[in-house]
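> generate a structure from the sequence data that follows.
(one chain, ligands or ions: 1)
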Amino acid sequence: MKIGIDKIGFFTSNYYLDMVDLANARGEDPNKYLIGIGQKQQAVIPPTQDVVTMAANAAEKILTDEDKQSIDMVVFGTETGVDNSKSAAIYVQSLLGISSSARSFEIKQACYGGTAGVQMAADHIAMHPDSKVLVLAADIARYGIKTPGEVTQGGGAIAMLLSVDPRILVLDNQSAFHSENIMDFWRPFYKREAIVDGHYSTDIYIDFFNKTFKDYCDKFGRSLTDFSALVYHLPFTKMGLKALRTVVDDSPHSQKLLKAFDQSKQYNAHVGNLYTGSLYLSLLSLLSNSTDLHANDRIGLFSYGSGAQGEFYSATIAETMDSRRLASQVDSVLSDRIKLSVPEYEKMYADGLPINGGNVTFDAANDHSRFVLLGRKADQLVYKDQQA
Ligand code: HMG
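Presented below is the predicted three-dimensional model:
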């Protein structure tokens, strides 16, 4: 039985910040951000978007009415939850009109939550082949104005529909994982921004990649030459390149992997980190931009979530994967964005739900997304479907 990703949808805000403008404002050489970090732009998320609206906006692009009735599980991976109790999944299920006969819940382990959802979905479908599972991965990456992490901010959502006989990616059911209690990045309850030991986090990321890649190869008798591409969780695009460089050499196959990596980082370089969704935006970037990939080619996927959990798993490209269709969806989101100046970004950064409670109403007149957050009233979040 073939199980995997049948559809992928992507959404991000229609505002972005240019990394050359940010470098100039912070007194840095723009090449540090463009080359040293590998980021060109970052999404800036307005107060009218949160993980619920972004995930709903990503999912509504891919789901048919029939899908909505067939989905029997909605899994939401996020580290930007909107409530300490109620899951973001229930809100999305209701906004999209997904059958109430579905299981709906949220999972958390930093940026790993999306992959946990994918693996859980695959296991569920193996037991229930008629099932369709909606996996959502959405986050807002915030570090703090004028911190080293600022250039690695971003945000957005990925929605994936998993089923049997998938049209995009067939999972191998072959995976290696590693977890350890590590303080490289975390966000205490009282903070909207992450606390991060930046250089330590990059070392741990590479260490976990090396451990899980080796473990995967030992377990399944594979080596680098079995892969047509490796895709990575990309907190910033140079991070994946640093990890890839630890396993490639100057052979023609390694050059092919470096070229594939270049294709897999294109979208991420314009959106920034979207935590749980970053690996899957990179997968979309590879599938959309590669001219060398063919049906049945094997791809390795490295997922990393600080704290820390790593997983390396593999999948093959489905015969029906349509790269032009995937590309047109992402291109339409990215080509339609408004550039903010640094002061405009700083103002939007400071906006949002008051952290200590209270009613607030946001003006959604400039947000043309289908689903928006209108604010908070009597301690309840107020969402709106602007097409209803
Ligand atoms: P920094 O300390 O300001 O940067 O912050 P740096 O001094 O290390 O320089 C970065 C690179 O730019 C270096 O290259 C420099 O040489 C180069 P490298 O040695 O790394 O190859 N450079 C230049 N290149 C060209 N022209 C120039 C120039 N100047 C310097 N003129 C840091 C960097 C990543 C630490 C910071 O941005 C940060 O803390 N980011 C947030 C943490 C992060 O993203 N960590 C990644 C691993 S952890 C992870 O992936 C999980 C995460 O997604 C969260 C989750 O799981 O939920 C973050």
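> enumerate the residues of the stretch 51-200 of the chain near the ligand.
With C-beta under 6 Å from any ligand atom as the criterion, the stretch 51-200 of the chain meets the ligand at residues 79, 110, 111, 148, 149, 151, 152, 184, 185, 196, 198, 199. C-betas here are computed from N, CA, C, even on glycine.
> quick one: buried ones out of these?
79, 110, 111, 149, 151, 152, 184, 185, 196 (16 or more other C-beta atoms under 10 Å).
> now do the same for the first one: helix, strand or coil?
For residue 79, the secondary-structure state derived from DSSP: H, G, I helix; E, B strand; the rest coil is coil.
> for it, what are its contacts?
108, 110, 111, 113, 139, 187, 275, 276 (C-beta atoms under 8 Å, 6 or more residues apart in numbering).
> okay, those in TSV with pLDDT next?
What follows is the contacts of residue 79, written out as TSV (pLDDT from 0 to 100):
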residue	pLDDT
108	98
110	98
111	98
113	98
139	98
187	96
275	98
276	98
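> between those residues, which has the most around it?
residue 276 (34 neighbours; other C-beta atoms under 10 Å).
> hang on, that one packs against residue 137?
Yes. Counting by C-beta atoms under 8 Å, residue 276 does reach residue 137; the two are 3.8 Å apart.
> what do these two both touch?
77, 78, 113, 114, 158.
> all helices for the stretch 251-388 of the chain, in order.
Assigned by DSSP state H, counting those that start in this stretch, the stretch 251-388 of the chain shows helices spanning 252-264, 266-271, 278-289, 323-334, 342-350.
> deepest-packed of these, please.
Among the helices of the stretch 251-388 of the chain, ranked by average contacts under mean count of other C-beta atoms under 10 Å, first place goes to helix 278-289 (a mean of 27).
> hmm, who's touching that one?
8, 10, 111, 114-115, 137, 156, 158, 160, 168-169, 229, 231-235, 240, 260, 263-268, 271, 274, 293, 299, 301-303, 317, 321, 323, 326-327, 330.
> pLDDT (mean, whole number) over that helix?
In this model, helix 278-289 carries a mean pLDDT of 98.
> nearest residue to the middle of this structure?
residue 277 (0.9 Å; C-alpha atoms, centre = their mean).
> surely that residue touches residue 156?
Yes. Here residue 277 reaches residue 156: they are 5.9 Å apart, a contact under C-beta under 8 Å.
> mind listing the shared neighbours of those two?
Counting by C-beta under 8 Å, 6+ apart, the residues touching both residue 277 and residue 156 are 10, 138, 139.
> which ones among these map onto helices?
Among those, no member falls in helices (DSSP state H).
> among the residues you listed, which one lies nearest to the ligand?
Closest to the ligand out of those is residue 139 (7.6 Å), distances taken as C-beta to the nearest ligand atom.
> and that closest one, what does it touch?
Counting by C-beta under 8 Å, 6+ apart, residue 139 has contacts 51, 78, 79, 80, 111, 155, 156, 273, 274, 275, 276, 277.
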